[in-house]
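K.L.:
Sequence and predicted structure are below.
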Amino acid sequence: MPVTVEEVRALALQLPRAYEALVHDRVKFRVGRIVFLAFSRDETVMGFGFPKDQRAALVAAEPAKFSLPSTSDMRYHWVHVKLSAIDHAEMTELVLDAWRMCVPKKVAAAYFADDPGPGPAGGAAG
């Protein structure tokens, strides 16, 4: 069963310092002014923060699932994924890793220490 925006919202809004914003009719999740998740207007594609130096390999490994952002967004740490192509566990990993890139290391460490669930899967911390 495909992942829904509601499932992503439920996870994202429980993360410290995260909040939802509607920008140009698109749902986005932020930490401060930094966007770590965003949805296409039709809510079928989720953009998420991801290390620039790893994104080409991610997209090359699963091009039916992941895609690079538009040319104008290539300067950002960003990748797109089709929600219909991921399960809840993979969505959780992508969301947590994107969020972790935006919060102070101490905030992420405290969250993962309190939540023995899925841990960080690599990537950059901010």
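P.N.:
That came through fine.
K.L.:
Verify the stated contact: residue 18 with residue 29.
P.N.:
Yes - Residue 18 is within contact range of residue 29, at 5.7 Å (criterion: C-beta atoms under 8 Å). Every residue, glycine included, has its C-beta placed from N, CA and C.
K.L.:
Next secondary structure after the helix or strand hosting residue 11?
P.N.:
Here residue 11 sits within helix 5-12, counting by DSSP states H and E. As assigned by DSSP H and E, the chain's next helix or strand after helix 5-12 is strand 18-23.
K.L.:
partner strands of that following strand, parallel or antiparallel?
P.N.:
Paired strands of strand 18-23, with direction, are strand 26-31 (antiparallel) (DSSP bridges).
K.L.:
buried residues in stretch 37-50?
P.N.:
Residues of stretch 37-50 classed as buried: 37, 38, 39, 45, 46, 47, 48, 49, 50 (neighbour count, 16 or more other C-beta atoms under 10 Å).
K.L.:
Excluding sequence neighbours, find me the nearest residue to the first one.
P.N.:
Read it as residue 37. Ranked by C-beta to C-beta, 6 or more residues apart in numbering and with sequence neighbours excluded, the top spatial neighbour of residue 37 is residue 29, at 4.1 Å.
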